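Peer 1: pasting the structure only:
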């Protein structure tokens, strides 16, 4: 069965389209054409806090923080657009009727996400069961992973390239394996005190 992709909200698509139309032909988005870009593969983004990971909390404790789209030009993913969930959007965005501007980005996670989705679609488990496509993010560990969420509870996590050294990009992990691989470094980083000293 194909991966279940969420239905994109109309206001999200409108916000992404506005951001695409505002792209400058120079800088980070040089070579992109607003006329040829289109949105693809909308998926919810979940954040797992470092402190929760350090305590060994499951990925189920991650909270939804946004919706992300891949942006495709001439059949290739070239950028991503992300919109925050209303609960995490800025006060200014909420005041403007909840229309948060889409944040556009380019970088290795765009291609990595596309490659991970293509890989996920070849997995026997995915072809024979229902999985909702999600993205799990642990910023402090520079981790983005596809989170294939199953109603039956047999979730699959696939780290996106570039992956932290404890994980192999493109390899399938269950939630316990992923948390176990990252817990020690998460605990070390969570203990780090970055407050200024006198």
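Peer 2: Cool, the structure landed. Computed from a predicted model, the values in this text were never measured in an experiment.
Peer 1: can you name the next helix or strand after the helix or strand of the chain with the lowest mean pLDDT?
Peer 2: The helix or strand of the chain with the poorest confidence is helix 91-95; it has a mean of 48 (mean pLDDT, DSSP states H and E). Going down the chain from helix 91-95, the next helix or strand is strand 103-105, by DSSP states H and E.
Peer 1: could you check the following helix or strand past that following strand and say which residues are buried?
Peer 2: Following strand 103-105 in sequence order, the next helix or strand is helix 108-120 (DSSP H and E). Using 16 or more other CB atoms under 10 Å as the test for burial, helix 108-120 gives 109, 110, 111, 112, 113, 114, 115, 116, 117, 119, 120. From N, CA and C alone the C-beta is placed, and that goes for glycine too.
Peer 1: tell me the helices and strands packed up against helix 108-120.
Peer 2: Of the remaining helices and strands, those touching helix 108-120 by 3 or more CB pairs under 8 Å, 6 or more residues apart in numbering; DSSP states H and E are strand 63-73, strand 76-84, strand 132-138, strand 143-149, strand 156-159.
Peer 1: can you give me the angle that helix makes with strand 76-84?
Peer 2: For helix 108-120 against strand 76-84, the angle by axes from the mean of the first three to the mean of the last three CA atoms, to 10 degrees is 110 degrees.
Peer 1: how many other residues sit next to residue 102?
Peer 2: Neighbours of residue 102 under the rule other CB atoms under 10 Å: 26.
Peer 1: quick one, what contacts it?
Peer 2: 12, 15, 16, 18, 19, 81, 82, 83 (CB atoms under 8 Å, 6 or more residues apart in numbering).
Peer 1: now residue 28: phi and psi?
Peer 2: With angles defined as degrees, to the nearest 10, residue 28 sits at phi -60, psi -20.
Peer 1: quick one: low-confidence residue ranges for this structure.
Peer 2: Along the chain, the model assigns pLDDT under 70 to residues 1, 87-100, 193-198.
Peer 1: now the residue nearest the centre of it. Nearest residue, chain neighbours left out?
Peer 2: Closest residue to the average C-alpha location of the chain: residue 135 at 3.7 Å, with CA atoms, centre = their mean. Nearest non-adjacent residue to residue 135, counting by CB to CB, 6 or more residues apart in numbering: residue 45, 4.8 Å away.
Peer 1: from residue 138, how far out is that neighbour?
Peer 2: Per CB to CB, to the nearest Å, residue 45 is found 12 Å from residue 138.
Peer 1: can you check residue 22 too?
Peer 2: Separation of residue 22 from residue 138 (CB to CB): 30 Å.
Peer 1: how close does residue 21 get to residue 148?
Peer 2: 33 Å.
Peer 1: and those two? Which one has more around it.
Peer 2: Per other CB under 10 Å, whichever of residue 21 and residue 148 has more neighbours is residue 148, with 25 against 10.
Peer 1: hang on, the more buried one packs against residue 129?
Peer 2: No. Applying CB atoms under 8 Å, one finds residue 148 not in contact with residue 129, separated by 9.2 Å.
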